[in-house]
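Participant: Fold the following.
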Amino acid sequence: MIKVLFICHGNICRSPMAEFIFRDMVQKQGLGDHFHIASAATSREELGNPVHRGTREKLRQHGIETTGKYSVQMTKKDYQNYDYLIGMDDWNIRNIMRIIGKDPDHKVHKLLEFAQSSDDIADPWYTGNFDRTYEDVVKGCRGLLKKLVEEKREAMV
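Facilitator: Below is the predicted model of the structure:
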């Protein structure tokens with residue numbers, strides 16, 4: 001089982017968008033049994049709040065529901081519980097490292113690394129542009145899934 005945790009500041013916009021897009025991609029490839037996918041926040045600001053309306057609406061346009069998802073905060077223990085801790089931007093990566101302390105197993109990544117980019121996923125909380133965020137999240141998730149399928153192909157048969 002490959003365990004992936006997507007992380008952003010509040011866990012209401014970008015990281016749940018990545019969680020649900022990646023889960024949808026995995027399911028459509030018939031690989032759902034091989035993954036555990038979740039998302040979390042580095043801050044406490046939105047704890048317990050549902051997915052942002054803009055993210056819900058954008059995902060609904062693509063047939064993806066977010067019902068039942070509420071913001072949670074990542075913990076130091078998540079480092080042991082997940083194989084990949086994926087932040088949306090440089091600020092998230094700094095906060096992830098503040099929470100976990102160190103990354104000896106190289107589990108911490110920025111999502112767009114998997115699309116051969118050092119760019120951040122723009123925060124639609126500030127930009128209001130959920131379309132751009134969606135497109136970038138899809139690029140990153142496609143790259144991540146491609147990498148994982150190539151690396152873990154034998155385990156997924």
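
Participant: For the protein, give me the ranges with low pLDDT.
Facilitator: Residue ranges of the chain with pLDDT under 70: 153-157.

Participant: which residues in the protein form strands?
Facilitator: 2-8, 35-41, 84-87, 108-110 (DSSP state E).

Participant: got those strands as JSON lines, with distance to Pro124 columns?
Facilitator: To be clear about C-beta, it is placed using only N, CA and C from the backbone, and glycine gets the same treatment. Shown next, in JSON lines, are the strands of the chain (distance: least, C-beta to C-beta, whole Å):
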{"stretch": "strand 2-8", "distance to Pro124": "10"}
{"stretch": "strand 35-41", "distance to Pro124": "15"}
{"stretch": "strand 84-87", "distance to Pro124": "16"}
{"stretch": "strand 108-110", "distance to Pro124": "17"}
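
Participant: Would you reformat these as CSV and include distance to Val72 and mean neighbour count?
Facilitator: Shown next, in CSV, are the strands of the chain (distance: least, C-beta to C-beta, whole Å; neighbours: other C-beta atoms under 10 Å):
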stretch, distance to Val72, mean neighbour count
strand 2-8, 10, 24
strand 35-41, 5, 21
strand 84-87, 14, 25
strand 108-110, 18, 19
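
Participant: among the ones you listed, which is nearest Thr127?
Facilitator: strand 2-8 (13.4 Å; C-beta to C-beta).

Participant: partners of that closest one in the sheet?
Facilitator: Sheet pairing of strand 2-8 (DSSP bridges) gives strand 35-41 (parallel), strand 84-87 (parallel).

Participant: how about those in CSV, adding distance to His62?
Facilitator: Listed next are the strands paired with strand 2-8 as CSV, based on distance: least, C-beta to C-beta, whole Å:
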stretch, distance to His62
strand 35-41, 16
strand 84-87, 20
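
Participant: do you know which of those lies nearest Arg142?
Facilitator: Comparing those by C-beta to C-beta, strand 84-87 comes nearest, at 13.4 Å.

Participant: Give me the distance from that closest one to the chain's centre.
Facilitator: Strand 84-87 has its average C-alpha position 7 Å from the chain's average C-alpha position, going by C-alpha atoms, centre = their mean, to the nearest Å.

Participant: now swap in stretch 50-70 and tell me
Facilitator: 14 Å.

Participant: Please save the CA atoms from it in PDB.
Facilitator: Output in PDB follows, covering the C-alpha atoms of stretch 50-70 (Å, rounded to 0.1, in the frame of the first residue of the first chain):
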ATOM      1  CA  PRO A  50     -15.300  21.700   5.000                       C
ATOM      2  CA  VAL A  51     -13.600  22.000   1.600                       C
ATOM      3  CA  HIS A  52     -13.700  25.500   0.300                       C
ATOM      4  CA  ARG A  53     -16.700  26.200  -2.000                       C
ATOM      5  CA  GLY A  54     -14.500  27.100  -4.900                       C
ATOM      6  CA  THR A  55     -12.700  23.800  -4.700                       C
ATOM      7  CA  ARG A  56     -15.900  21.800  -4.300                       C
ATOM      8  CA  GLU A  57     -17.400  23.500  -7.300                       C
ATOM      9  CA  LYS A  58     -14.300  23.000  -9.500                       C
ATOM     10  CA  LEU A  59     -14.100  19.300  -8.600                       C
ATOM     11  CA  ARG A  60     -17.900  18.900  -9.100                       C
ATOM     12  CA  GLN A  61     -17.500  20.200 -12.700                       C
ATOM     13  CA  HIS A  62     -15.200  17.100 -13.200                       C
ATOM     14  CA  GLY A  63     -17.500  14.600 -11.500                       C
ATOM     15  CA  ILE A  64     -15.500  14.500  -8.300                       C
ATOM     16  CA  GLU A  65     -17.300  14.900  -4.900                       C
ATOM     17  CA  THR A  66     -15.600  16.000  -1.600                       C
ATOM     18  CA  THR A  67     -18.500  15.100   0.800                       C
ATOM     19  CA  GLY A  68     -17.300  14.300   4.300                       C
ATOM     20  CA  LYS A  69     -13.900  16.000   4.000                       C
ATOM     21  CA  TYR A  70     -13.100  18.400   6.800                       C
END
